[in-house]
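Novice: no sequence on this one, just coordinates:
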């Protein structure tokens, strides 16, 4: 799964055709070879050989299969790469196994693991032996459905039937346990994997880093990254690995360390993408460190990343929290000019900023603007306005918004009813 972002200007394709063509050594022609042979001047003259007279073969009598001969000669002239591929013929049992595996795969992708297990049992009852491909499909489906113990027991059954689990089998289980927050169990599976001399790869370790970061154990995640770098080759960290670690560090507020790993990945030739930058920019904006966030935005543009709605929303939200409303509105205009459409989060951040500054009527006007553009306010948008009107002792407007929310099938977020009650009876 290695994904590299080749930034423009970083790597240039050679323009010289000589770099694309292999240098063939000079091969002298037959005339050159004979001209370089020196015969002694005093020696006998070189005898002139006569060309042998070739006898013509008797004419072949006409045959009825002339068309077949012509087709055969034509076929011989066809390059092998253009000839029709003859597929491998399967016996009936192999065909049935493939058919059952496809059914199981389709059900697992739909999340219907119970039905997939029924197909698996039916397959065995018919005397069809599932192969490693079938087992891996089913284990993957069970892990996605959080049936981890059943996935492990299926791997044990797989081994009992004489099929050795692969790196895909173990990585699937490790990823499943990490998603469930059971990182220690995932570590145990990694230990078993290596005891069986099955080498983990980048995907295996990246799943562990993601699981550790989700649990807040970023220190252990950093140690896993160091182990990956020591092993190298198939274990080298990629853009997904670094992005998961940087996201985990940002969740813990360790933005400085996150930027250090961002620099490390660029130096190692692993170029970040939008997801890598998003966590850092969002976190820095939340901290009020807009200058550092702007530096990262400029860096994104420099390496060819396009700013998306998530990046713009992070910048606008950060500016609103800093009280820079004019700058935030200019950022909204800029994103539209760049072809990025504002969404409900964009408007909600701007409405929050206007409410914090006491500009309630302007905030209401902004909500009407978003409605006119077909953007439906959510419960956070309404709650933000209700809080603003309540704090300004304009409870009549607040109650109108509460009723509007109910008519739209939304419920106020937080303790909005308690706030309204205190405002009405204080």
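Specialist: That came in fine, so what should we check first? Note that the coordinates shown come from a computational prediction; the quantities given were computed from them, not determined experimentally. Numbering: from 1, shown residues only.
Novice: give me the number of residues near residue 128?
Specialist: 17 (other CB atoms under 10 Å). C-betas here are computed from N, CA, C, even on glycine.
Novice: buried set for the host helix or strand of residue 225?
Specialist: Taking DSSP states H and E as the criterion, the element that holds residue 225 is helix 218-231. By neighbour count on 16 or more other CB atoms under 10 Å, the buried set for helix 218-231 is 218, 220, 221, 222, 224, 225, 228.
Novice: kindly report the same for stretch 187-194.
Specialist: Buried residues in stretch 187-194 (16+ other CB under 10 Å): 187, 189, 190, 193.
Novice: can you redo the buried residues of helix 218-231 as CSV with distance to residue 309?
Specialist: Compiled in CSV, these are given as follows (distance: CB to CB, whole Å):
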residue, distance to residue 309
218, 28
220, 33
221, 28
222, 31
224, 32
225, 30
228, 32
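Novice: picking up where we left off before, mind giving me the packing neighbours of the helix holding residue 225?
Specialist: Using 3 or more CB pairs under 8 Å, 6 or more residues apart in numbering; DSSP states H and E, the elements in contact with helix 218-231 are helix 202-214, helix 239-251.
Novice: one more time with 10 Å
Specialist: Contact analysis of helix 218-231 by 3 or more CB pairs under 10 Å, 6 or more residues apart in numbering; DSSP states H and E lists helix 183-195, helix 202-214, helix 239-251, helix 255-267 as its packing neighbours.
Novice: mind putting the ones you listed into TSV with distance to residue 104?
Specialist: Shown next, in TSV, are these (distance: least, CB to CB, whole Å):
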stretch	distance to residue 104
helix 183-195	23
helix 202-214	22
helix 239-251	28
helix 255-267	38
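Novice: which of those helices sits closest to residue 295?
Specialist: Among the helices and strands packed on helix 218-231, helix 255-267 comes nearest to residue 295, with 9.5 Å by CB to CB.
Novice: elements contacting that closest one?
Specialist: helix 218-231, helix 239-251, helix 274-286, helix 290-302.
Novice: please repeat the previous calculation with a cut-off of 7 Å.
Specialist: Here helix 255-267 is seen to pack against helix 239-251, helix 274-286 when contacts are counted using 3 or more CB pairs under 7 Å, 6 or more residues apart in numbering; DSSP states H and E.
Novice: in it, which residues are buried?
Specialist: 255, 257, 258, 259, 261, 262, 265, 266.
Novice: output the helices and strands packed on helix 255-267 in TSV; the columns should cover distance to residue 209 and mean pLDDT.
Specialist: Formatted as TSV, the helices and strands packed on helix 255-267 follow (distance: least, CB to CB, whole Å; pLDDT from 0 to 100):
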stretch	distance to residue 209	mean pLDDT
helix 239-251	5	95
helix 274-286	14	91
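Novice: make JSON lines from those and add mean neighbour count to it.
Specialist: Shown next, in JSON lines, are those (neighbours: other CB atoms under 10 Å):
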{"stretch": "helix 239-251", "mean neighbour count": "24"}
{"stretch": "helix 274-286", "mean neighbour count": "22"}
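Novice: could those go into JSON lines alongside distance to residue 331?
Specialist: Shown next, in JSON lines, are the helices and strands packed on helix 255-267 (distance: least, CB to CB, whole Å):
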{"stretch": "helix 239-251", "distance to residue 331": "21"}
{"stretch": "helix 274-286", "distance to residue 331": "11"}
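Novice: for those helices, which one sits closest to residue 159?
Specialist: Nearest to residue 159, of all the helices and strands packed on helix 255-267, is helix 239-251, at 29.3 Å by CB to CB.
Novice: for the closest residue in space to residue 286 that isn't next to it in sequence, grab phi and psi.
Specialist: Excluding the flanking residues, the one nearest residue 286 by CB to CB, 6 or more residues apart in numbering is residue 318, at 6.6 Å. Main-chain dihedrals, residue 318, degrees, to the nearest 10: phi -60, psi -40.
Novice: residue 407 versus residue 318, what's the distance?
Specialist: Residue 318 is 33 Å from residue 407, where distance means CB to CB, to the nearest Å.
Novice: so for the two, which residue has more residues nearby?
Specialist: For the pair residue 318 and residue 407, the greater number of neighbours falls to residue 318 (25 against 8), based on other CB under 10 Å.
Novice: okay, that one and residue 262: tell me how far apart.
Specialist: Applying CB to CB to residue 318 and residue 262 gives a distance of 18 Å.
Novice: sorry, back to before: can you check which of the helices and strands packed on helix 255-267 gets nearest to residue 115?
Specialist: The closest of the helices and strands packed on helix 255-267 to residue 115 is helix 239-251. By CB to CB, the value is 31.8 Å.
Novice: next, the angle from that closest one to helix 255-267.
Specialist: Helix 239-251 and helix 255-267 are oriented at 170 degrees to each other (axes from the mean of the first three to the mean of the last three CA atoms, to 10 degrees).
Novice: give the other helices and strands that helix 239-251 contacts.
Specialist: Other elements packing on helix 239-251 under the criterion 3+ CB pairs under 7 Å, 6+ apart are helix 202-214, helix 218-231, helix 255-267, helix 274-286.
Novice: quick one: distance of it to the chain centre.
Specialist: Centroid separation for helix 239-251 versus its chain: 14 Å, with CA atoms, centre = their mean, to the nearest Å.
Novice: for residue 150, which non-adjacent residue is spatially closest?
Specialist: Here the residue nearest residue 150, using CB to CB, 6+ apart, is residue 142, at 5.2 Å.
Novice: ok, now which ones touch that neighbour?
Specialist: 113, 150, 151, 154 (CB atoms under 7 Å, 6 or more residues apart in numbering).
Novice: and if you look at residue 185?
Specialist: residue 177.
Novice: give me the distance between it and residue 174.
Specialist: Taken as CB to CB, the span from residue 185 to residue 174 is 9 Å.
Novice: how many neighbouring residues does residue 319 have?
Specialist: For residue 319, using other CB under 10 Å, the count is 24.
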